[in-house]
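J.: Let's see this in three dimensions:
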Amino acid sequence: MTSQSHCVLDAAEITQAVQDLNHSVTLIAGKTTVVRLYLRGTSGPAVSVRGAIAVRRSPAEPADTITSVNAITLDPARPHDLAACRGDAGLSLNFLLPSRLTAEGPLSITAVNVVDAVGASPLPLTGPAGPTVWFKAGPPLRLRVLGVRYPFGSPATVRAPREKDYQALVSWLGRAYPVAEVISTRAVVDAVVPPEFGYEDVNAQLAALRALDMSAGGDQRTHYYGMVADSGFFMRGAASGVPALPDPTTVASGPTGPADFGWDFDGAYGDWYGAHELGHTLGRRHPGFCGESHDDLLNYPFKNGQLGDETHAFAGFDVGDAALGLPMRALPGERWHDVMTYCAFQWPSSYTYEGVRRRLLAEDALVSGTGPVSEPVPAAPPAPLFDAAVVAGLHGGGRPDDRYPTRTVTRVTSTGPGTREAAGPGPEGAPEQLVSVVGTVNLTRHEGSIRFVNPVDRPAVLPGPPAGRAAPPEAADGGQVPTAVLRILQSGGSPPREVQVPVKLTSEPEPGADRTGLIDVVTPSGPAPEAVELVVDGQVMDTFRPGGSPPALRAARHAGADDGMLGMTLEFDRDPGPDLSYSAQVSVDGGRTWQTLGVGLKEPVVQLDRGQFPPGNDIRLRITTTNGFSSTAAETTLSPG
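T.: Have a look, this model is predicted:
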């Protein structure tokens with residue numbers, strides 16, 4: 001019976017996330033790739049078929065044979081619609097390419113064979129020769145995801161993102177973004193302001209955390225995203241800026257939870273929501289079709305915010321994730337919409353996909369760890385925290401798992417005790433401390449607040465001219481980015497330092513809403529800093545004044561473990577007082593790299609996310625107490641046990 005059937009190959013498509021039949025969308029080397037064959041029966045009875053393709057990397061190499069992952073039914077009596085086949089993964093023969101075949105370089109489909117799925121009899125096939133495409137190398141997406149914990153309700157219970165939320169976000173980005181890999185880390189941090197906080201609060205916290213991570217040697221190309229569980233309240237998401245030029249310092253945050261919004265039924269919406277906000281940090285703007293602002297309306301190429309239309313035959317394709325129970329599925333271009341819209345059925349269009357790819361390439365060219373001031377002198381390798389005799393002496397009066405000895409390291413500025421060389425020469429060669437200043441600004445109400453001031457060892461900004469020495473950057477919409485001034489007052493009659501900083505406007509403006517944004521800068525503090533003023537339009541909006549000298553950490557104790565968190569209580573040699581704060585950093589590689597889990601903390605309790613630590617690894621904990629200009633750091637080692 002199958003010998004009477006004949007089929008035609010109408011087209012072949014090689015796709016990773018979105019594509020047209022001309023293969024105009026860049027194929028990323030190493031990214032999961034699916035070949036889709038569009039067949040139709042022309043004579044004979046209906047028949048279920050499978051297929052095999054011969055794939056060759058170069059004429060000098062032997063061809064690889066790949067079999068289809070599915071079978072389809074060809075029925076000559078049924079009207080054939082190529083667009084309908086492209087919009088349904090069950091209507092095309094699909095072939096998953098092995099990763100070795102997606103390395104950088106060309107790839108050709110040299111032969112196609114179709115067989116009866118039941119009897120394996122070959123079927124006559126006619127149609128065009130298979131396409132030749134080229135895979136291009138591209139950088140990964142570097143991402144740090146911070147789940148924000150907060151108490152809510154009466155009695156208050158702790159709310160935090162689920163494991164599913166983290167997994168869904170990273171998986172979605174890997175499937176939908178133009179990257180072969182998402183290099184991600186994650187942690188849980190406690191909100192520093194009570195609920196119901198907003199994205200301005202979370203983004204300010206993220207910016208301060210990121211500055212400390214970069215000071216500790218973090219990769220400058222890493223994007224930071226905060227996830228807030230909606231199990232207590234719904235926090236609308238936003239990015240603090242839409243940079244027109246590469247700027248991974250731009251942070252973003254958004255909600256997550258199980259809501260389906262009428263179209264997303266995989267149990268977590270924080271994936272596409274997070275991809276939208278991260279898209280802003282990569283310079284992507286709103287097309288303006290479904291209630292979002294009209295920032296990119298004139299440039300977006302498809303009507304109604306769609307992935308494609310009748311004149312632009314683009315279709316999305318989700319390669320799926322077996323670990324999350326997500327199958328392959330096709331995403332029709334006229335039903336699905338760009339992830340930068342507020343429309344339902346979200347996925348990146350070719351326009352957004354290529355825009356993100358270009359921005360990631362530009363960011364990857366940035367030199368990690370450099371900035372507008374000279375690098376600090378590298379710190380000496382850390383000494384052993386303690387020897388057996390010290391441990392015996394400290395633990396002699398209590399349980400070994402109860403108290404952890406510390407090693408104190410004092411950071412120095414011209415206003416604090418001790419001697420340590422800092423980055424950047426000041427007047428007459430005196431060393432100057434770098435400080436990270438993060439604040440929020442409401443330009444409409446002429447209000448502002450300095451949220452975090454922390455000494456750092458190296459800048460968290462990108463290579464380029466120092467802040468305040470260049471013209472204000474151009475905004476994504478072609479206008480000028482508004483600026484504020486940080487005025488660092490000096491003691492002893494020295495003139496103040498003034499630093500012009502851009503106000504990173506929120507990515508999600510609403511009609512009639514206030515213009516709000518974030519300031520985030522690392523700058524030398526001057527030889528004798530005594531206060532920082534935030535100045536907007538010539539008016540002082542807020543003033544930060546440091547507290548007294550920071551106390552040293554004396555010991556850390558277990559404070560219980562629940563909900564995947566390891567609690568530690570801190571004991572200082574004296575009361576820190578309300579004007580001081582501390583940050584907490586952890587290392588699982590002996591102090592070579594550090595990640596910040598808390599900043600601007602006031603209560604002497606640290607919660608560590610046990611899930612981010614490899615089983616069995618010792619954790620090195622660093623507590624840095626600061627008044628904003630000077631700080632004292634102490635390190636201790638504990639087992640995650």
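J.: so Q167 sits in a helix?
T.: Yes - the assignment for Q167 (DSSP: H, G, I helix; E, B strand; the rest coil) places it in a helix.
J.: Spit out the contact partners of it.
T.: By CB atoms under 8 Å, 6 or more residues apart in numbering, the contact list for Q167 reads A323, L324. The C-beta positions use only the backbone N, C-alpha and C, and glycine is treated the same way.
J.: how distant is the longest helix seen in the chain from the center of its chain?
T.: Longest helix in the chain by number of residues (criterion: DSSP state H): helix 199-215. Between the centre of helix 199-215 and the centre of its chain there are 13 Å (CA atoms, centre = their mean, to the nearest Å).
J.: who's in contact with the helix or strand that that helix is followed by?
T.: The helix or strand immediately downstream of helix 199-215 is strand 223-229, counting by DSSP states H and E. The contact list for strand 223-229 (CB under 8 Å, 6+ apart) reads 141-148, 150, 159-162, 165-166, 169, 202-203, 205-207, 209-210, 235, 248, 250-257, 270, 274, 277-278, 281-282.
J.: hmm, 6 Å instead?
T.: 143-148, 159-161, 165, 202, 206, 210, 235, 248, 251-253, 255-256, 270, 274, 278, 281 (CB atoms under 6 Å, 6 or more residues apart in numbering).
J.: just the helices in the stretch 51-200 of the chain please.
T.: 82-86, 163-176, 199-215 (DSSP state H, counting those that start in this stretch).
J.: quick one: average confidence on the first one?
T.: It refers to helix 82-86. Averaged over helix 82-86, pLDDT sits at 93.
J.: Can you list the buried residues in that helix?
T.: Neighbour counts using 16 or more other CB atoms under 10 Å place C85, R86 of helix 82-86 among the buried residues.
J.: quick one: that helix to chain centroid distance?
T.: 34 Å.
J.: Ok, stretch 30-42 next?
T.: Worked out by CA atoms, centre = their mean, stretch 30-42 lies 32 Å from the chain centre.
J.: can you check stretch 593-601 too?
T.: Centre-to-centre, stretch 593-601 and its host chain are 17 Å apart (CA atoms, centre = their mean).
J.: Can you tell me which of the helices of the stretch 51-200 of the chain is most buried?
T.: Among the helices of the stretch 51-200 of the chain, helix 199-215 has the highest mean neighbour count (mean count of other CB atoms under 10 Å), at a mean of 26.
J.: where in the stretch 451-600 of the chain is pLDDT low?
T.: 460-479, 561 (pLDDT under 70).
J.: Show me where it has its helices.
T.: Using DSSP H, counting those that start in this stretch, helices in the stretch 451-600 of the chain do not occur.
J.: List the buried residues for stretch 267-279?
T.: So for stretch 267-279, counting by 16+ other CB under 10 Å, buried means A268, Y269, G270, D271, W272, Y273, G274, A275, H276, E277, L278, G279.
J.: buried sites along stretch 613-628?
T.: F613, I619, R620, L621, R622, I623, T624, T625, T626, N627, G628.
J.: Same question for stretch 191-199.
T.: For stretch 191-199, burial by neighbour count (16+ other CB under 10 Å) applies to A191, V192, P195, F197, G198, Y199.
J.: between those residues, which is closest to G174?
T.: Checking the buried residues of stretch 191-199 against G174 by CB to CB gives Y199 as the nearest, at 24.5 Å.
J.: check contacts around that closest one.
T.: G237, A238, S253 are the contacts of Y199 under CB under 6 Å, 6+ apart.
J.: Quick one: mean pLDDT for the longest helix of the chain?
T.: Across helix 199-215, pLDDT averages out at 97.
J.: where does the stretch 151-300 of the chain have low pLDDT?
T.: In the stretch 151-300 of the chain, no residues with pLDDT under 70.
J.: R557: neighbouring residues, count only.
T.: 15 (other CB atoms under 10 Å).
J.: Which strand residues bridge the residue nearest to it when sequence neighbours are not counted?
T.: Leaving aside its sequence neighbours, R557 sits nearest to T569 (CB to CB, 6 or more residues apart in numbering; 4.8 Å). Counting by DSSP bridges, T569 is bridged to R557, V605.
J.: Next one: T569 from G560, what distance?
T.: 9 Å (CB to CB, to the nearest Å).
J.: which one of the two has more residues nearby?
T.: T569 (14 against 10).
J.: Using CSV, lay out the helices of the stretch 51-200 of the chain together with distance to A63.
T.: Shown next, in CSV, are the helices of the stretch 51-200 of the chain (distance: least, CB to CB, whole Å):
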stretch, distance to A63
helix 82-86, 26
helix 163-176, 28
helix 199-215, 47
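J.: Looking at those helices, spot the one closest to C343.
T.: Using CB to CB, the helices of the stretch 51-200 of the chain put helix 163-176 closest to C343, at 15.3 Å.
J.: the inter-axis angle of that closest one versus strand 223-229?
T.: Going by axes from the mean of the first three to the mean of the last three CA atoms, to 10 degrees, helix 163-176 is angled at 140 degrees with respect to strand 223-229.
J.: one step back: max pairwise distance over the buried residues of stretch 191-199: which two?
T.: The most widely separated members of the buried residues of stretch 191-199 are V192 and Y199, with 13.9 Å between them, by CB to CB.
J.: so which of the helices of the stretch 51-200 of the chain comes closest to L96?
T.: When those are compared by CB to CB, helix 163-176 sits nearest L96, at 13.2 Å.
J.: now the closest one, how far from the centre of its chain.
T.: The chain centroid and the centroid of helix 163-176 are separated by 11 Å under CA atoms, centre = their mean.
J.: For K303, give its distance to S350.
T.: Computed with CB to CB, the distance linking K303 and S350 is 14 Å.
J.: Can you tell me the element E354 falls in?
T.: helix 350-364.
J.: between that helix and helix 163-176, how big is the angle?
T.: Using the same axes, to 10 degrees, the inter-axis angle of helix 350-364 relative to helix 163-176 is 100 degrees.
J.: Kindly provide the whole-number mean pLDDT of helix 350-364.
T.: On average, helix 350-364 scores 97.
J.: can you list contacts of it?
T.: Counting by CB under 6 Å, 6+ apart, 18, 25, 139, 178, 221, 246, 248, 282-284, 301, 314, 338, 340 sit against helix 350-364.
J.: Quick one, which of these are buried?
T.: Taking 16+ other CB under 10 Å as the criterion, what is buried in these is 18, 25, 139, 178, 221, 246, 248, 282-284, 314, 338, 340.
J.: a markdown table please, covering the residues you listed and showing secondary structure and distance to H80.
T.: Output for the buried ones among the contacts of helix 350-364, formatted as a markdown table (DSSP: H, G, I helix; E, B strand; the rest coil; distance: CB to CB, whole Å):
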| residue | secondary structure | distance to H80 |
| --- | --- | --- |
| V18 | strand | 23 |
| V25 | coil | 25 |
| P139 | coil | 41 |
| P178 | coil | 32 |
| R221 | coil | 47 |
| P246 | coil | 46 |
| P248 | coil | 47 |
| L282 | coil | 40 |
| G283 | coil | 41 |
| R284 | coil | 37 |
| F314 | coil | 20 |
| D338 | strand | 29 |
| M340 | coil | 34 |
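J.: nearest to L534, of those residues?
T.: For those, the nearest to L534 is P248 (24.0 Å; CB to CB).
J.: Next up, the contacts around the closest one.
T.: Contacts of P248 by CB under 6 Å, 6+ apart are R221, H223, E363.
J.: how many neighbours does the last one have?
T.: Which is E363. Residues near E363, counting by other CB under 10 Å: 23.
J.: Quick check: chain neighbours aside, which residue is closest to it?
T.: Using CB to CB, 6+ apart, the nearest residue to E363 is P246, at 4.5 Å.
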